[in-house]
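> predicted structure and sequence below. I'll ask about it afterward.
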Amino acid sequence: MKVVTKKNIKRLKTQKRNYLNVDELNAYRVAYGQPLKAKDFIYYVGMPSLLFVGFSFILLYYWWLSLLMGVFGAIYGYKVFLPKSIEKSYKAQSFNQRNIFVNNMTQILTDGEKTVPKALATANSRSHGEFKEDITQLQARLVGADNDQIQEGFKNLSDKYKEDVIFIQYIEQLETAMLEGRANIDTIKDIKSYHNDMKKKQTEYEVKKQGHLKDMKMLCGVVVIFILAVSFSFGFSTYLNAFAHHPTGWISCTVYLLLMLSFFRKFSYYLFDDSVLEVKM
């Protein structure tokens, strides 16, 4: 595997393909110190593969069909589940670092003798990962900078995290404090409160989705039990010959598997979609 650098991370921001390769996925993970591990592939690639193998086999009992469905599930997991889970983790850790930064900066700036550069130095010592590198770059840009350079430095940081509107507002307040030599601490405290509220909503939303994931797993278990009950209630040989290995069963199970795939796809979109947390201006 090639060495992952800061350049790899930046390239992810302009990714135009429909999937990310292993190196690019790893770049997301190492941004906050957690490289890809075998368990990531086992869970996010193996789980959908096993799911499709299991359902297709107990419906039709064709080993070759189950094998094909397993390959399809593995490809789906690699192209969809694995990238989305890694991206979701990356965004969550990035947001947490920004939230910690906002709280630390606000606490430091309540001391009227603290300038923005000094506050940045203290807050950055408590940051981690890629975000720490971003603040370090901002600090370097602010050393001996004129007003235009100060604005450019803060703009670069804002552009990178433009999806976090509240954070951008906070950065704008820091920029104003640098240019005017004083911070509007009341406004800064208000924005910090808004960012904390957003984090609280994010946590509540994630707990809700994990609850739905648990329900989904239980539903899959109930469906498996139901299918097996139907298979053996009339005798397994009867089910096999009159349904599973009969055109009626082929058509019925094809429709069922397509419906299941559609439901699975929609649920996975819901599970990884955090757009409800985005703030529109």
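Sure, I can see it. If you're wondering where the values come from, they're calculated on a predicted model, not measured in any experiment.

> neighbouring contacts of stretch 98-116?
Judged by CB atoms under 8 Å, 6 or more residues apart in numbering, the contacts made with stretch 98-116 from elsewhere in the structure are 118-120, 122-124, 126-127, 131, 135, 142, 161, 164, 167, 170, 174, 177-178, 183, 185, 188-189, 191-192, 195-196, 199. The C-beta positions use only the backbone N, C-alpha and C, and glycine is treated the same way.

> next one: that stretch to chain centre, how far?
With CA atoms, centre = their mean, to the nearest Å as the basis, the distance from the averaged C-alpha position of stretch 98-116 to the chain average is 28 Å.

> quick one: mean pLDDT for that stretch?
Averaged over stretch 98-116, pLDDT sits at 91.

> before we move on, what about stretch 211-224?
Averaged across stretch 211-224, the pLDDT comes to 87.

> mind listing residues that contact that stretch?
Contacting residues not belonging to stretch 211-224 are listed as 51, 54-55, 58, 267, 270-271 [CB under 8 Å, 6+ apart].

> give me the buried positions along stretch 119-130.
Neighbour-count burial for stretch 119-130, counted by 16 or more other CB atoms under 10 Å, picks out 119-120, 123-124, 127, 129-130.

> out of those residues, name the ones that lie in helices.
Secondary structure defined by DSSP state H assigns 119-120, 123-124, 129-130 of the buried residues of stretch 119-130 to helices.

> re earlier: any chance of JSON lines for the buried residues of stretch 119-130, columns pLDDT and distance to residue 154?
Compiled in JSON lines, the buried residues of stretch 119-130 are given as follows (pLDDT from 0 to 100; distance: CB to CB, whole Å):
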{"residue": "119", "pLDDT": "91", "distance to residue 154": "14"}
{"residue": "120", "pLDDT": "93", "distance to residue 154": "11"}
{"residue": "123", "pLDDT": "92", "distance to residue 154": "15"}
{"residue": "124", "pLDDT": "92", "distance to residue 154": "15"}
{"residue": "127", "pLDDT": "90", "distance to residue 154": "17"}
{"residue": "129", "pLDDT": "88", "distance to residue 154": "20"}
{"residue": "130", "pLDDT": "90", "distance to residue 154": "18"}
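
> please produce JSON lines containing those, extended by distance to residue 107.
What follows is those, written out as JSON lines (distance: CB to CB, whole Å):
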{"residue": "119", "distance to residue 107": "9"}
{"residue": "120", "distance to residue 107": "13"}
{"residue": "123", "distance to residue 107": "9"}
{"residue": "124", "distance to residue 107": "14"}
{"residue": "127", "distance to residue 107": "14"}
{"residue": "129", "distance to residue 107": "21"}
{"residue": "130", "distance to residue 107": "23"}
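
> low-confidence ranges in this protein?
The model of the chain has pLDDT under 70 over residues 1-23, 33, 275-281.

> so where's the longest helix in it?
Every helix in the chain considered (DSSP H), the longest is helix 185-233.

> in helices, which of the contacts of stretch 211-224 fall?
Secondary structure from DSSP H places 51, 54-55, 58, 267, 270-271 of the contacts of stretch 211-224 in helices.

> what's the farthest-apart pair in these?
The distance between the two most remote of those (CB to CB) is 25.9 Å, for 58 and 270.

> more neighbours: those two, which one.
When residue 58 and residue 270 are compared on other CB atoms under 10 Å, the one with more neighbours turns out to be residue 58, at 16 against 12.

> list the contacts of that one.
If you count contacts by CB under 8 Å, 6+ apart, then residue 58 has 224, 227-228, 231 around it.
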